[in-house]
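Participant: predicted structure and sequence below. I'll ask about it afterward.
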Amino acid sequence: MKDKNYIIKVLAVVFWIGVWQIASMLVGKEVLVASPIAVIKVFSDIVMEKTFWASILSSLLRIAFGFGGAVLVGTLLAVITCAVPGAFQLFYPIISVIKATPVASFIILALLWIKSTNVPMFIAFLMVLPIIWSNVSTGIKATDTKLLEMAKVYNFGYIKTIRLIYIPQCMDYFYTASIMGIGFAWKAGIAAEVICTPKFSVGANLYNAKIYLETPQLFAWTIVVILMSIVFEKMFEKAMKTVFYKHGTGGEK
Amino acid sequence: MKLGLSSVTKIFDKKILNNFTIDFKEGRTTVLLGPSGCGKTTITNLLLGIIKADAGEIIADSTAKMSVVFQEDRLLENITVLQNLLAVSKDEEICKDILNALGIGEVANKYPNYLSGGMKRRVALARAIAFNGDIFILDEPFKGIDISLKQKVIEEIKRVIIGKTCVIITHDIAEAVAVGDEVVILGGNPLIIQNTMTLEEAENPEKLIIEYLECDF
C-alpha cells in the first residue's frame, strides 16, 4: 500500500513536469517559460557554487529565527491573553493590524527601522506571530475544564497542570498554526529578501535572476525555495511527532 | 476528617438543593442512592469545591486530601496508565501494585485511549487509590466494570477505604450493600434525604433498600 502511494505521488510529479514541458514548448520562449531541462541544467550548475550554500544557509537561519521568535512570543502572548483579564482587548487591535497590513508595506517600513539583512527575519516573525497567537489562545481556551477540575482536586499545581494538561491539549492548535506559519514565513521572508537583497540570500539571487531576465535561474531558485520550505516543514513535523505525539503511534510506550 | 453540607442551597436552571444538610460520618462509607439527575453529583461537586454553593456552608477540612473518581474517567490520554498514577503519587512500585491489585497491571505502559471502558474505570479507581486521600469521593466507581471482575475490585476498594471517610454514589443496590456502612436515599425536587439506614443493623439490607425505593420512587 505504501509503495502504491509512493508510485502515485511520483507519477503526479512527473505529470506536472510534463505539463510544464508542454507549456514551455507551446510558448516557445525560454525567457517567458523556462523548460524543465534548462532549469535542471541551471540547478545542477548553481548547487556546485559555494555562494549557493551560503545563500541557502543564510536564508534558512533568517527565516528560522523569525519563525522561532514568533512561536515563542506568540505563545507567550497567548498565555498572557488567557491569563490576564483585558489582555485580549489589548492585543487584538495590534494583531488585527498586523494581519491586515500588506507584507510589502511592512517590508518597506522595516527597511526604514532596521538593518536590511535583518528585515526578512523581522517580516517572517511578523507574519507568523498572529497565527500562533490566535491558534494557541483558542487552544488554551478550549482546554477541557473537567481535566482542570481533576488537576485541582489532585493538587497538580501550576507546572504539572501546564505540562500534563495545557500543553497536550493545545498541541493540535499549536501544530496546525506552526505548519501554516512555516509556509507564511518562507513566502514573506523570501519576499523581504527580494526587496532588501541581503548579500547572501535566496531572495537576492531571485532578484538578480529577474533583472537579468535569467528565467531558468529564476525557476531554479524558486524550486530551491519550495524545497527548503518542504524540508523545513518536514523537519518540524518530525520533531513535533517525536517530542509530543508519541501516544498516537501505537498505544504502547 | 469532617465532611458534609450545612443548609446548602444550589440553583442551576432550577433549585437543586434548598437548605440541604448532610453529614458524612468520619471513618465510615456512606452510599448516596437516588434516581438519575436528582442532584447526587451536585453534592460531590460541592464537597470537592468544583462548584460553589449559593448559600450555606461546605464542611470539609481544607488540608484534607481527597481521592476522587469522577462521573467520567478524566484520565490524561497523552500519558500512559502508569504515568497517570505517577501524576498523583511518587512511588512507582506502589502504583504498579495498585494496578496489579485491580487486574490492570499488564496495561501499565499503554495509553488510556486504547483501553476498554471498564479498564479506564479501573485506572480512574487506581489513581484515586494511588493518591491515598484522607477522604474518598467515588461517583459510580464500578460503572462499566466487567461483572466477573467487579467483586475483586470492590474488595480492593473496601480494603483501601477502611477507617477513611468515604462517599460513594451508585445506582446499584448490590454495590451499595457491598461497600456501604450507611445508605442515604435521596429524592425529590429540590433534593431531600428520604431515608438513612445503617446496613449493619439491617437483617436483609438489600431487601430493605428495595422496599424503600419501591414505595418512594
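Facilitator: Yes, it's here. Numbering: from 1, shown residues only, chains lettered A, B, ... in the order given.

Participant: quick one: the residue nearest to residue B:9 when sequence neighbours are not counted from chain A, how far?
Facilitator: Sequence neighbours aside, residue B:55 is the residue nearest to residue B:9 in space, at 4.1 Å (criterion: Cβ to Cβ, 6 or more residues apart in numbering or on different chains). For every residue, glycine as well, the C-beta is placed using N, CA and C. Separation of residue B:55 from chain A (Cβ to the nearest Cβ, to the nearest Å): 22 Å.

Participant: residue B:55 touches residue B:11, doesn't it?
Facilitator: No. Assessed by Cβ atoms under 8 Å, residue B:55 is found out of contact with residue B:11, at 9.3 Å.

Participant: hang on, the earlier thing: residue contacts, the residue nearest to residue B:9?
Facilitator: B:7-9, B:19 (Cβ atoms under 8 Å, 6 or more residues apart in numbering or on different chains).

Participant: report the buried members of the residues you listed.
Facilitator: B:8-9 (16 or more other Cβ atoms under 10 Å in any protein chain shown).

Participant: strands - which of the contacts of residue B:55 land there?
Facilitator: Judged by DSSP state E, strands contain the following of the contacts of residue B:55: B:7-9, B:19.

Participant: and which of these is nearest residue B:1?
Facilitator: If you rank those by distance to residue B:1 using Cβ to Cβ, residue B:8 comes first, at 18.5 Å.

Participant: pLDDT score for the closest one?
Facilitator: On pLDDT, residue B:8 comes in at 93.

Participant: residues in contact with residue A:197?
Facilitator: By Cβ under 8 Å, 6+ apart, residue A:197 lies in contact with A:116, A:203-204, A:207.

Participant: now, which of these sits nearest residue B:194?
Facilitator: The closest of the contacts of residue A:197, once distances to residue B:194 are taken by Cβ to Cβ, is residue A:203, at 78.3 Å.

Participant: can you tell me how far that closest one is from chain B?
Facilitator: 40 Å.

Participant: do the same with residue A:17
Facilitator: Taking Cβ to the nearest Cβ, one finds residue A:17 at 42 Å from chain B.

Participant: so which helix or strand takes in the residue lying closest to residue A:114 once chain neighbours are set aside?
Facilitator: Once flanking residues are discounted, residue A:114 sits nearest to residue A:122: 6.1 Å by Cβ to Cβ, 6+ apart. In this assignment (DSSP states H and E), residue A:122 forms part of helix A:119-141.

Participant: and the next helix or strand past that helix?
Facilitator: Using DSSP H and E, the next helix or strand after helix A:119-141 towards the C-terminus is helix A:145-153.

Participant: for that next one, name the packing helices and strands.
Facilitator: Helices and strands touching helix A:145-153, by 3 or more Cβ pairs under 8 Å, 6 or more residues apart in numbering or on different chains; DSSP states H and E, are helix A:157-161, strand B:66-69.

Participant: which of those sits closest to residue A:225?
Facilitator: Ranking the helices and strands packed on helix A:145-153 by proximity to residue A:225 (Cβ to Cβ) places helix A:157-161 first, at 40.6 Å.

Participant: contacts for that closest one?
Facilitator: Contact with helix A:157-161 is made by A:148, A:151, B:87, as judged by Cβ under 8 Å, 6+ apart.

Participant: show me what contacts the last one?
Facilitator: So the one you mean is residue B:87. A:154, A:156, A:160, A:164, B:76, B:79, B:127.

Participant: out of the residues you listed, which is most surrounded?
Facilitator: Counting neighbours by other Cβ atoms under 10 Å in any protein chain shown, residue B:127 comes out on top of the contacts of residue B:87 with 28 neighbours.

Participant: near the one residue in the stretch 1-150 of chain A that gets nearest to chain B, how many other residues are there?
Facilitator: Among the residues of the stretch 1-150 of chain A, residue A:150 lies closest to chain B, at 4.3 Å counting by Cβ to the nearest Cβ. Neighbours of residue A:150 under the rule other Cβ under 10 Å: 26.

Participant: got it, and residue A:238?
Facilitator: Neighbour count for residue A:238, taken as other Cβ under 10 Å: 10.

Participant: any idea how far the residue lying closest to residue A:149 once chain neighbours are set aside lies from residue B:12?
Facilitator: Nearest non-adjacent residue to residue A:149, counting by Cβ to Cβ, 6+ apart: residue B:50, 5.0 Å away. Relative to residue B:12, residue B:50 is positioned 13 Å away (Cβ to Cβ, to the nearest Å).

Participant: and residue B:123, by the same measure?
Facilitator: Separation of residue B:123 from residue B:12 (Cβ to Cβ) stands at 30 Å.

Participant: out of these two, which sits in the busier spot?
Facilitator: Taking other Cβ under 10 Å, residue B:123 and residue B:12 do not tie; residue B:123 has more neighbours (26 against 11).

Participant: you'd agree that one is up against residue B:77?
Facilitator: No. Between residue B:123 and residue B:77 there is no contact under Cβ under 8 Å: 11.1 Å.

Participant: next, count neighbours for the closest residue to residue A:147 other than its chain neighbours.
Facilitator: Of all residues not flanking residue A:147 in the chain, residue A:165 sits nearest, at 5.1 Å (Cβ to Cβ, 6+ apart). Per other Cβ under 10 Å, the neighbour tally for residue A:165 reads 20.
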